[in-house]
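K.L.:
any chance you could fold what I've pasted below:
(2 chains)
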Number of protein chains: 2
Amino acid sequence: MAVKITGITARDIRFPTSLEGDGSDAIHTDPDYSCAYITLTTSTEAKGFGHTFTIGRGTEIVCEAALALGEFVVGKHLQEITADFAGFWRALANDSQLRWLGPEKGVVHLATCAIVNAVWDLWAKVERKPLWKLLADMTPEELVSVIDFRYISDLLTREEALEILKKGQDGKKEREAELISKGYPAYITSAGWSGYDEQKTRQKCKEALAKGFVRFKAKVGTGIEADRRRLAVMREEIGYDKLLMTDANQRWDVSEAIDWMKQLTEFKPLWIEEPTSPDDVLGHATIAKALKPYNIAVATGEHCQNRVVFKQLFQADSIAYCQIDGCRLGGVNEVLAVLLMAAKLNVPVCPHAGGVGLCQVNQHFSYFDYICVSRTLENRFLEYAEHLHENYKFPIEVKGGHYVLPQIPGFQTEMREASLDTHEYPTGPVWQKLFAEGTFKPPKKH
Amino acid sequence: MAVKITGITARDIRFPTSLEGDGSDAIHTDPDYSCAYITLTTSTEAKGFGHTFTIGRGTEIVCEAALALGEFVVGKHLQEITADFAGFWRALANDSQLRWLGPEKGVVHLATCAIVNAVWDLWAKVERKPLWKLLADMTPEELVSVIDFRYISDLLTREEALEILKKGQDGKKEREAELISKGYPAYITSAGWSGYDEQKTRQKCKEALAKGFVRFKAKVGTGIEADRRRLAVMREEIGYDKLLMTDANQRWDVSEAIDWMKQLTEFKPLWIEEPTSPDDVLGHATIAKALKPYNIAVATGEHCQNRVVFKQLFQADSIAYCQIDGCRLGGVNEVLAVLLMAAKLNVPVCPHAGGVGLCQVNQHFSYFDYICVSRTLENRFLEYAEHLHENYKFPIEVKGGHYVLPQIPGFQTEMREASLDTHEYPTGPVWQKLFAEGTFKPPKKH
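P.N.:
Numbers count the residues shown, from 1 in each chain, chains lettered A, B, ... in the order given. As a prediction, the model looks like this:
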């Protein structure tokens, strides 16, 4: 049945998470977890939902960009898009006028991502498969046909991608069955926010251990003494037989990152995540080289703007862990390009998650990566943070420290209508109440 | 006298340049030269004007972002900003929530730039100096105090910057007098747009030669035969004693760029500009190395998102010419950081210009660079394109292939009120007429 996209809406949805310090780090001290939430309506009952994660101010700008991009998608048939998905992706990400505002980065790329993922959600629903399964069932040729190889062919050609995916067909059914039975390993971020006091950190560690988590992450970079205290407290709670990762959220200059982390070696962090600017490929390489003797790896990716920067992070040996985010990259199509480059260079992919809907979205990529691309779980774990899942129609499920593979058709990106209505900014009742109380200032009218 | 910023407006101004093929290249095939135009009103009669260049669709998104950033500037006193300009810059470019949409790139950074430059315009007017002169008269300590060194200290420390600027004080008066008397060397882009036919190209070359230009630029990348024809025609007209530069506007992958340019060596291009993705530091380095034996240098910068990427272009020997754009980087403050890094590594700076108001803005940086930073004109020339200058209240002046130094207080960024009213999108009469004729489709209402 032909499915025609007939309309697009973009909603500014915000949660006042800054009130509790959830999600706080050295740079993002007061995040109000938010998203620009896109709905594609169609000529059928099926709808496509996509979003990009934001942290408050500026969400309205991403919504505006999504509506500007809407004209490239409204009126198209789903089948027309999927028949040349790479072509559609390039037309959207590289419109001859809009690309000037990026290209392929910032607000316009975030909006591109939300729309692209909404199309994938729609496609998966029409095929009655969860997104990971839609991808896993595609042939290598079909998968390669959705990728725009522009600017990455010096690292990965279409032919090399095809070869990796062909190898991935071997044992695919077994790996799928294994994941369905055992789940995908996770690590938890919720215990180590910089805004939590010692008591809350201890309590969060205990809760996570009780739930079966064996991998933890802590924020660092607010101050060396505060960092040492937080890490000491966490190691006391979790012991040294568990994994502990650290995350500086871009806090440092290059030499500062090296000096700082040398003072945290006794806590044996597996990696330091985002030690410096996400744009600094060479800086990450310098840090990685300097920290190697201390057994601290470098991880980054949640702010990595596109496949071109990931390509260079791989080429320069900048990262030992690749943290893709399918709500920052230009959606599924670009994520696939990065998964394949990572596979070629044997860099494990540990997606960014948390935020609003990032667990929902990024889980699919890890499942697909194991089933069809890297074929290994070694050094691979999916981030988990515990907030806001209740706002989703089909929330993710985590059991015994593992993600449970969803069987619901689509991308799991649909939020509950009541949550949307309540948290719409600035008109929703949650925000109206906060404005009335004076807890938040309402936005200025222009 | 205290000058308080009391309000901000953002206007979406567009010129239908795509109708004539002006500004067309291999990637941006139909640009409608545009800008998001910012006005800061104050408690006095003085106003600050700043803008960022765009090429049509999406300009409204930058306007929206500028209004969101407006809350950080409205209510502030000019003197409060200039007393800690680096601090103000960081607060604007790294707001704890808005930075998630970048950071320091794309729409939000373009909007930051427009606001920052409007503040500089205001400051220069209050000081009754053209911007270049305001900068040239600042002490090394004052100049360094406006720069945010975050993420670049591994290449350039505050102390090194100070040292470069102190050296620049020597002979400053003489260099200023020299520039005022002789002007600053320019090159012309207007003859080589890819949308021009042979006759128009020849005519444009003849006109430029008659005006005294001795340096020309041609677009390449539309097709090898078309490129060879365009370059042959231009060399016929200008001869081989003049300089000819080429510009691919990000058209190629890395190996494609190398192969393509090898086929154009007989036309002796001085540089190939934007051979590939502006994000590809390592790709540019590979191209530069491969083309060195052919005496073709690599230039880039007009799409370089911030000082962190410029830092790496310098570190990796990616570029032999640095093409800053003070309407893409986060305004004067960030441009100064790049000028100083370039000076440290002896990379000549040849600013991007053309577009809407880019000549107006970027000329100031070349003058300041010569007077106080690099102290040389060797391999340095300012881009010039001939369109749209009549829309400015005080248009730039070019004589005998040289920019004439302006003496009007401010940044020269103020447009004529009549031009603004006529070209405001979509309500201005120019656009209403084009919609009525059916030449352009009006934007969709959301």
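
K.L.:
thought A:S194 was touching A:G223?
P.N.:
No: here A:S194 does not reach A:G223: they are 9.4 Å apart, not a contact under Cβ atoms under 8 Å. For the C-beta atoms, the positions are set from N, CA and C on the backbone; glycine is no exception.

K.L.:
those two - which one has more neighbours?
P.N.:
Neighbours per residue (other Cβ atoms under 10 Å in any protein chain shown) separate A:S194 from A:G223, with A:S194 holding more: 24 against 12.

K.L.:
give me the spatial nearest neighbour of that one, chain neighbours excluded.
P.N.:
Sequence neighbours aside, A:K219 is the residue nearest to A:S194 in space, at 4.1 Å (criterion: Cβ to Cβ, 6 or more residues apart in numbering or on different chains).

K.L.:
with A:R175 instead?
P.N.:
A:I371 (4.8 Å).

K.L.:
phi, psi of A:G223?
P.N.:
phi 180, psi 140 (degrees, to the nearest 10).

K.L.:
same check, this time on the one 3 residues further on
P.N.:
Note on A:A226: its backbone torsions stand at phi -60, psi -40 [degrees, to the nearest 10].

K.L.:
separation between the nearest residue to it once chain neighbours are set aside and chain B?
P.N.:
Leaving out its chain neighbours, the residue that sits closest to A:A226 by Cβ to Cβ, 6+ apart is A:S194, at 7.6 Å. From A:S194 over to chain B the distance is 12 Å, taken as Cβ to the nearest Cβ, to the nearest Å.

K.L.:
spit out the contact partners of whichever residue of chain A sits closest to chain B.
P.N.:
Evaluated by Cβ to the nearest Cβ, chain A has A:G106 as its residue closest to chain B, separated by 1.5 Å. Counting by Cβ atoms under 8 Å, 6 or more residues apart in numbering or on different chains, A:G106 makes contact with A:Q305, B:L101, B:G102, B:K105, B:G106, B:V107, B:V108, B:H109.

K.L.:
among those residues, which one has the most neighbours?
P.N.:
B:V107 (33 neighbours).

K.L.:
could you give the angle of the helix or strand harbouring that residue to helix A:106-126?
P.N.:
Assigned by DSSP states H and E, B:V107 belongs to helix B:106-126. Going by axes from the mean of the first three to the mean of the last three Cα atoms, to 10 degrees, helix B:106-126 is angled at 160 degrees with respect to helix A:106-126.

K.L.:
give me the residue at the spatial middle of chain A.
P.N.:
A:D325 (2.8 Å; Cα atoms, centre = their mean).

K.L.:
just checking, it touches A:H352?
P.N.:
Yes: the criterion here is Cβ under 8 Å, and A:D325 meets it with A:H352 at 4.1 Å.

K.L.:
joint contacts of those two?
P.N.:
By Cβ under 8 Å, 6+ apart, the residues touching both A:D325 and A:H352 are A:G301, A:E302, A:L358, A:N362.

K.L.:
which of those sits closest to B:T39?
P.N.:
A:E302 (36.4 Å; Cβ to Cβ).

K.L.:
which residues touch that closest one?
P.N.:
By Cβ under 8 Å, 6+ apart, the contact list for A:E302 reads A:E274, A:P278, A:Q323, A:D325, A:R328, A:H352.

K.L.:
how about the closest residue to it other than its chain neighbours, phi and psi?
P.N.:
In this structure, A:E302 finds its nearest non-sequential neighbour in A:H352, 3.7 Å apart by Cβ to Cβ, 6+ apart. A:H352 adopts backbone torsions of phi -70, psi 140, taken as degrees, to the nearest 10.

K.L.:
count of residues packed around A:H352?
P.N.:
Neighbours of A:H352 (other Cβ under 10 Å): 28.

K.L.:
list the contacts of it.
P.N.:
Going by Cβ under 8 Å, 6+ apart, A:H352 touches A:G301, A:E302, A:Q323, A:I324, A:D325, A:R328, A:L358, A:N362, A:E383.

K.L.:
for those residues, name the two members farthest from one another.
P.N.:
The widest separation within the contacts of A:H352 (Cβ to Cβ) is 13.4 Å, between A:R328 and A:E383.

K.L.:
just so I have it, where are all the strands in chain A?
P.N.:
Secondary structure of chain A (DSSP state E): strands at A:5-14, A:34-42, A:48-54, A:184-192, A:215-219, A:243-247, A:271-273, A:297-300, A:321-322, A:382-384, A:398-399, A:402-403.

K.L.:
for the fourth one, name the packing helices and strands.
P.N.:
For strand A:184-192, the helices and strands in contact under the criterion 3 or more Cβ pairs under 8 Å, 6 or more residues apart in numbering or on different chains; DSSP states H and E are helix A:198-210, strand A:215-219, helix A:224-238, strand A:243-247, helix A:358-368, strand A:382-384, strand A:402-403.

K.L.:
quick one: low-confidence parts of the stretch 251-400 of chain A?
P.N.:
Applying pLDDT under 70 to the stretch 251-400 of chain A flags no residue at all.

K.L.:
quick one: name the residues of it near chain B.
P.N.:
Counting by Cβ under 8 Å from any Cβ of the partner chain, the stretch 251-400 of chain A comes close to chain B at A:253-256, A:276-283, A:286, A:303, A:305-306, A:308-309, A:311-312, A:315-316.

K.L.:
can you flag which of those residues belong to helices?
P.N.:
Counted as lying in helices by DSSP state H, out of those, are A:V254, A:S255, A:E256, A:V281, A:L282, A:G283, A:T286, A:V308, A:V309, A:K311, A:Q312, A:Q315.

K.L.:
any idea which of those residues is the one closest to B:T246?
P.N.:
Distances from B:T246 to those, taken by Cβ to Cβ, are shortest for A:V308, at 21.9 Å.

K.L.:
next up, the contacts around the closest one.
P.N.:
Contact analysis of A:V308 by Cβ under 8 Å, 6+ apart lists A:E104, A:Y151, A:I152, B:S277, B:D279, B:D280, B:G283.

K.L.:
for B:I147, state which of those residues is nearest.
P.N.:
Among the contacts of A:V308, and counting by Cβ to Cβ, the member closest to B:I147 is B:D279, at 23.3 Å.

K.L.:
sorry, back to before: which one of the contacts of A:G106 is nearest to B:F15?
P.N.:
B:V107 (20.4 Å).

K.L.:
run a quick check on the closest one versus A:V108, I expect a contact.
P.N.:
Yes: the pair B:V107 / A:V108 is scored as a contact, 6.4 Å apart, by Cβ under 8 Å.

K.L.:
please enumerate the shared neighbours of the two.
P.N.:
A:A65, A:L101, B:G58, B:I61.
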